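Engineer: have a look; sequence and predicted model below, questions after that.
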Amino acid sequence: MSTPEPDTNLKVELLRSLDFFKPMDLEVIESLVQNCEEIILDPEEILFKEGEPGDAMYVILYGGLSIERENTVIAKRRRGDHVGEMSLIESGPRAATVKALTKTYLLKILKEPFHNHFTSNPQTLMEILRTISERSREDLEALDRSMKNLQEEKKITSRLQNLLNNTSSEIYTLDPSTFRFTHMNPRALRNLEYQSMEVTQLKPMDIIGDIDPEEFEEWVTLLRSNKREEVLFNAVHRRRDGSFYPVKTQLKMDFDESPPIIVGLVEDISELKEIENKYKQLTFYDPLTGLPNRTLIIDQLSSAISEASKENENVSVLLIDLHNFKTISNSLGYRVGDLLILAVAKQLKAASPPHGIVGRTGDNEFITVLSQSDNKTNAEDVACQLLDSFKIPFSIGGQDIFVGLGIGISSFPNNGQGAEALIEQAETAAKHLSQEGENNYCHYNSDMPFILKSKLLLEGDLRKGLERNEFELHYQPKLALESETITGFEALIRWNHPERGLLFPLDFIPVAEESDIIISIGDWVLKTACRQMKTWLNMDFPVQNIAVNLSGRQFKKEDLVSNIKKIILDADIQPKFIELEITETILMENLDTVTTKLRQLSEMGVKLSLDDFGTGYSSLRYLNSFPLDNIKIDRSFIKDITTEENATIAKAIVSLAKSFRLKTIAEGVEVENQKAIMRAIGCDFIQGYLLGKPIPAEEVIQQLSPL
Ligand code: C2E
Ligand code: CA
Ligand code: CA
C-alpha cells in the first residue's frame with residue numbers, strides 16, 4: 001500500500017476544526033475517515049487543537065514533542081500517544097503554562113526522529129479517532145475539574161492569606177521536631193517585634209515568658225501522637241524588648257502538611273485582662289480606699305477559716321464601726337468624709353498586725369481579720385491597739401476630728417462557723433456597743449441578737465406609744481440658791497408602757513435616738529412643756545421657765561430653729577419661758593452649724609443650758625463663743641462632795657462659768673450638805689432629789705403651791 005504524503009497543513013486544518021472539547025461525533029469521525037480513505041497517520045505528524053485563550057492545548061502525539069517559546073523549551077513530551085495536557089519542564093504555577101500554550105503565543109513544534117510509520121485502514125483510524133475523542137473528553141473534564149479546583153483553591157488561599165495577614169490573632173507554625181518556628185503571620189511579627197526572616201531562628205521559649213519547657217514538649221508530644229486534638233493555655237508573650245503581654249494560645253497539629261506541623265493560634269488578651277482587672281477591682285475592692293470589700297473579705301475569711309480548722313487555730317473578726325462618721329460627713333461635707341475614711345483606712349492598716357487583713361465592709365465599717373490569733377487575748381490586744389491609735393484626732397484640711405469607734409469581735413470556732421456568720425456576729429457586737437457611744441470593744445455573745453431584736457420591737461412600740469399618747473412629762477424643780485425660790489422645772493419624759501409599766505428615759509430614749517422617732521418624741525415633749533407653761537402662766541403659778549432636753553438628732557435637723565419657734569408660738573407663750581438643755585456632745589458633733597443655731601435660738605429669746613457639763617469632751621475654749629445662759633454641773637461632780645475642799649471640780653466649773661458670765665446649776669443635789677457647799681462656792685441654782693424627784697404636773701401644783 002502506497003502511502004501518499006497527505007498535505008500536513010490540510011490535515012492539521014481539518015483536525016483543527018474538530019472540537020476536542022466535546023466528545024467527537026461518530027459521524028464526524030466517519031466522514032473524516034471516508035474523506036481520507038488512505039489517511040496515513042504519520043507518526044511524525046501531530047494532531048493538535050489549540051484551545052480558547054485560557055484553555056490548554058491538546059496534543060495527540062506519535063512522535064516526540066517539544067514546545068519552545070523564544071528559544072526556550074517550555075514544554076516537552078516524549079514519544080507515545082497521548083491526548084491531553086502537557087506535562088511541564090518549567091516549574092511554576094499551572095496557570096502560566098496554560099497561558100503559554102494559548103493562541104497568543106506562536107508555538108514552534110519540533111519534530112523528533114521517528115521509527116514506526118504505520119498505515120491505518122479506516123477501522124484502525126476510526127478506533128484511533130474514537131480513542132482520541134474519548135480520552136480528550138476525559139482529560140478535558142479532569143482538567144476542567146482541576147482548573148476549577150485550582151481556582152477555588154486559589155480564591156480560598158488568597159482569602160486565607162488575607163485573613164492570616166489581617167487577623168488580630170497571632171498565628172505561628174512550629175516544626176515539632178526542631179522546635180523552631182517556621183512561620184509567623186504579620187500580627188505575630190508586629191506584636192513580638194521580630195522580622196519575618198528571624199522567625200526560623202526562634203524557639204517557643206524565646207517568646208513565651210512563663211511556660212515550663214518540659215510541659216510544652218509534653219504537649220507537643222501529645223499533639224503529635226494525636227492523643228490530644230488541641231492544647232489551650234494562658235501565658236505571657238515576651239516581646240523582643242523584653243516586655244510582656246498576656247495571651248491565650250491554642251495549639252493544634254496540622255496533619256495535612258507533610259511533615260505535619262504545629263499551628264499556634266494566639267490571642268492577645270491584654271485588653272481582656274485589663275477589663276477583668278477593672279471588673280475585679282470593682283467587684284472585690286472598695287473604690288475609695290482600695291481595701292478589700294465585703295465580698296473579698298468573705299472570700300478571704302472563708303479561706304482563713306478552712307486553714308484554721310485544719311491546724312486547730314482560731315480566726316478572729318474585728319468589726320470596726322465608726323460611731324460618728326455619718327455626723328461628720330453630713331456636717332463637714334463628703335469631701336472631708338472621704339479624706340477621713342482614707343486616713344482611717346491608713347490608720348487601721350498601720351495599727352493592725354502585718355498578717356491581719358483589713359477591709360472596708362460598709363460606709364462607716366471596717367473589718368480586720370486575724371487568722372493566727374491563738375486566743376481571745378490576741379484579738380483584744382489588737383482591738384486595744386486600734387482604740388489607742390484613735391485617741392489622737394485626725395487632722396483633715398486643717399481641722400482636728402475625733403473619730404469614735406466601737407469594735408465588735410467574733411471568733412472561729414467559738415462563735416460562727418462560716419465567714420458570713422462571723423461577720424454578722426461581729427456586727428451585732430459592734431451594734432451593741434454603738435448604743436453606748438463609747439470607744440470600746442466587745443465580744444459577741446449569743447444574747448446580743450435578742451437584745452437587738454428587743455430594740456427593734458421597742459422602736460415599734462415607741463411609735464405606737466406616741467400615737468396612743470402613752471408618754472407624759474414629769475417636772476423636777478430648780479432652786480435659786482440666792483433667793484431660795486423655785487425658779488423653774490426640768491421636764492423629764494416618762495412612758496406609761498401598757499405592759500411594762502412606767503418606763504424611765506434610759507430605757508427607751510437611747511433606742512429612740514437611733515432613729516427619727518426621737519424627732520417626733522422631741523416635738524411632743526416641747527409641745528407638752530409649752531402647753532404646761534401656758535397653763536401655769538394662766539394660773540399665775542410663779543415659774544420662770546421649763547427646761548426641755550434636746551437630743552442630737554433633733555439638733556441636726558435643718559428646721560430646728562423654725563420648728564421650735566413654731567411650737568412656742570403655737571402654745572402662745574414667750575420664748576423666754578423655755579430653756580433648752582443641750583449636751584456638750586451635741587455641740588461638738590455640730591460644730592459647723594451649732595453657733596448659728598444657738599444664736600438664732602438665743603435671739604429668739606429661748607434660754608440655753610449646757611447639760612451634763614464635764615462629762616463630754618468639749619473644749620473650754622469653745623464655751624465663750626456660744627451664746628449660752630447656764631452650765632449644768634453634772635451629777636458625778638456633786639455626788640461625792642462632802643466638804644468644800646473635795647468640791648474642786650465643781651468649784652473650778654463655777655469660777656470658769658463666772659468668768660464667762662454664765663450661771664451654774666448643780667445637778668443631783670441629794671443632801672443639805674451638798675446644797676450648802678454649792679452655795680458656798682457660788683453656784684447659782686441646784687436641782688436634785690433634795691428638792692424633789694421629777695413628778696407629774698398636777699403633783700407639782702399640790703406640793704409647791706402656794707410657793
Ligand atoms: P438629765 O437631763 O441629766 O436629767 C436628769 C436626770 O437625773 C433625770 O433622770 C433625773 O430624774 C435624775 N435626777 C435628778 N435629780 C437627781 C438626784 O438627786 N439624784 C439622782 N441620782 N438622779 C437625779 P431621768 O428622768 O431618768 O432622765 C435621764 C436622762 O434622760 C436625762 O438626763 C436626759 O438626758 C434624758 N431625758 C429625759 N427626758 C428627756 C426628753 O424629754 N428628751 C430627751 N431627749 N432626753 C430626755
Ligand atoms: Ca437635762
Ligand atoms: Ca443633766
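Structural biologist: That came through, no problem. Ligands and ions are numbered 1, 2, ... in the order given.
Engineer: contacts, neighbours, all on C-alpha from now
Structural biologist: Fine.
Engineer: and the closest residue to ligand 1 within the stretch 351-500 of the chain, how many neighbours?
Structural biologist: In the stretch 351-500 of the chain, the residue that lies nearest ligand 1 is residue 492 (3.7 Å; CA to the nearest ligand atom). Residue 492 has 20 neighbouring residues, counting by other CA atoms under 10 Å.
Engineer: next, it: phi, psi?
Structural biologist: phi -120, psi 130 (degrees, to the nearest 10).
Engineer: from residue 485, how far out is it?
Structural biologist: From residue 492 across to residue 485, the span is 20 Å (CA to CA, to the nearest Å).
Engineer: before we move on, the earlier item: list the contacts for the residue of the stretch 351-500 of the chain closest to ligand 1?
Structural biologist: Residues in contact with residue 492, defined by CA atoms under 8 Å, 6 or more residues apart in numbering, are 473, 474, 475, 476, 505, 548, 549, 694.
Engineer: and stretch 448-463, what's its mean pLDDT?
Structural biologist: Averaging pLDDT along stretch 448-463 gives 86.
Engineer: buried set for it?
Structural biologist: Within stretch 448-463, the residues scored as buried using 16 or more other CA atoms under 10 Å are 448, 449, 455, 458, 459, 462, 463.
Engineer: one more: stretch 251-269?
Structural biologist: Residues of stretch 251-269 classed as buried: 251-254, 261-269 (neighbour count, 16+ other CA under 10 Å).
Engineer: tell me the one among these nearest to ligand 3.
Structural biologist: Nearest to ligand 3 out of the buried residues of stretch 251-269 is residue 269 (CA to the ion; 67.3 Å).
Engineer: grab the nearest non-local neighbour of that closest one.
Structural biologist: Using CA to CA, 6 or more residues apart in numbering and skipping the chain neighbours, the partner closest in space to residue 269 is residue 247 (5.1 Å).
Engineer: swap in residue 411?
Structural biologist: In space, residue 411 is closest to residue 316, 4.2 Å off (CA to CA, 6+ apart).
Engineer: give the partner strands of the helix or strand in which that neighbour is found in its sheet and their orientations.
Structural biologist: Counting by DSSP states H and E, the element that carries residue 316 is strand 315-322. Sheet pairing for strand 315-322, assigned by DSSP bridges, gives strand 365-370 (antiparallel), strand 405-412 (antiparallel).
Engineer: only alpha carbons, please: show it as PDB.
Structural biologist: Taking C-alpha atoms only, strand 315-322 is exported to PDB below (Å, rounded to 0.1, in the frame of the first residue of the first chain):
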ATOM      1  CA  VAL A 315      -9.700  33.200 113.400                       C
ATOM      2  CA  SER A 316     -11.000  36.500 114.800                       C
ATOM      3  CA  VAL A 317     -13.000  39.100 113.100                       C
ATOM      4  CA  LEU A 318     -12.800  42.700 114.400                       C
ATOM      5  CA  LEU A 319     -15.600  44.800 113.100                       C
ATOM      6  CA  ILE A 320     -14.800  48.400 113.400                       C
ATOM      7  CA  ASP A 321     -17.700  50.700 113.500                       C
ATOM      8  CA  LEU A 322     -17.100  54.500 113.200                       C
END
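Engineer: what sits up against it?
Structural biologist: Here strand 315-322 has contacts from 304-305, 308, 364-374, 379, 383, 403-413, 422-423, 426-427, 430, 434, using CA under 8 Å, 6+ apart.
Engineer: so what's the model's average confidence on whichever helix or strand comes after it?
Structural biologist: Counting by DSSP H and E, the next helix or strand C-terminal to strand 315-322 is helix 325-332. What helix 325-332 shows for mean pLDDT is 81.
Engineer: what is the distance between the helix or strand that helix 325-332 is followed by and the centre of its chain?
Structural biologist: Reading on from helix 325-332 to the C-terminus, the next helix or strand found by DSSP H and E is helix 334-351. Offset of helix 334-351 from its chain centre (CA atoms, centre = their mean, to the nearest Å): 20 Å.
Engineer: report all helices and strands that helix 334-351 contacts.
Structural biologist: Contact partners of helix 334-351 among helices and strands, from 3 or more CA pairs under 8 Å, 6 or more residues apart in numbering; DSSP states H and E: helix 325-332, helix 376-389, strand 394-396.
Engineer: tell me which residues of the shortest one are tucked away?
Structural biologist: Of the residues in strand 394-396, those with enough neighbours to count as buried (16+ other CA under 10 Å) are residue 394.
Engineer: ditto for stretch 320-335
Structural biologist: Neighbour-count burial for stretch 320-335 flags 320, 321, 322, 323, 324, 325, 327, 328, 329, 331, 332 (criterion: 16+ other CA under 10 Å).
Engineer: number of nearby residues for whichever residue of the stretch 101-250 of the chain sits closest to ligand 3?
Structural biologist: As assessed by CA to the ion, ligand 3 sits closest to residue 246 within the stretch 101-250 of the chain, at 67.5 Å. Residue 246 has 19 neighbours, counted by other CA under 10 Å.
Engineer: report the secondary structure element holding the closest residue to it other than its chain neighbours.
Structural biologist: Nearest residue to residue 246, sequence neighbours excluded (CA to CA, 6+ apart): residue 236, at 4.2 Å. Residue 236 belongs to strand 230-238 when assigned by DSSP H and E.
Engineer: double-check that residue 586 belongs to a strand.
Structural biologist: No. According to DSSP: H, G, I helix; E, B strand; the rest coil, residue 586 belongs to no strand; its state is helix.
Engineer: measure it to residue 464 for me?
Structural biologist: Per CA to CA, residue 586 is found 27 Å from residue 464.
Engineer: checking the spatially most central residue of the chain next. Helix, strand or coil?
Structural biologist: When the chain is reduced to its mean C-alpha position, the nearest residue by CA atoms, centre = their mean turns out to be residue 282, at 1.4 Å. Here residue 282 is recorded as helix under three-state DSSP.
Engineer: residue 265 now?
Structural biologist: Quick answer, by three-state DSSP: residue 265 is strand.
Engineer: give the contact list for the residue in the stretch 201-350 of the chain that ligand 1 sits nearest to.
Structural biologist: Closest to ligand 1 within the stretch 201-350 of the chain is residue 327: 17.4 Å, counting by CA to the nearest ligand atom. Applying CA under 8 Å, 6+ apart to residue 327 gives the contacts 589, 590.
Engineer: can you check residue 548 too?
Structural biologist: For residue 548, the contacting residues are 490, 491, 492, 525, 526, 529, 578, 579, 580, 581, by CA under 8 Å, 6+ apart.
Engineer: same check, this time on residue 534
Structural biologist: Residue 534 is in contact with 571, 572, 573, counting by CA under 8 Å, 6+ apart.
Engineer: host element of residue 461?
Structural biologist: Per DSSP H and E: helix 448-467 holds residue 461.
Engineer: just checking, what packs against that helix?
Structural biologist: helix 419-434, helix 505-512, helix 517-538.
Engineer: name the stretch among those that sits most buried.
Structural biologist: Neighbour counts (mean count of other CA atoms under 10 Å) averaged over each of those peak at helix 419-434, with a mean of 23.
Engineer: what sits up against that helix?
Structural biologist: When contacts are defined by CA under 8 Å, 6+ apart, helix 419-434 is touched by residues 298-299, 301-302, 305, 317-321, 323, 405-412, 415-416, 440-445, 448-449, 452.
Engineer: what subset of the residues you listed is buried?
Structural biologist: The neighbour count (16+ other CA under 10 Å) marks 298-299, 301-302, 305, 317-321, 323, 405-412, 415-416, 440-444, 448-449 as buried among those.
Engineer: what is the rounded mean pLDDT of stretch 542-549?
Structural biologist: 96.
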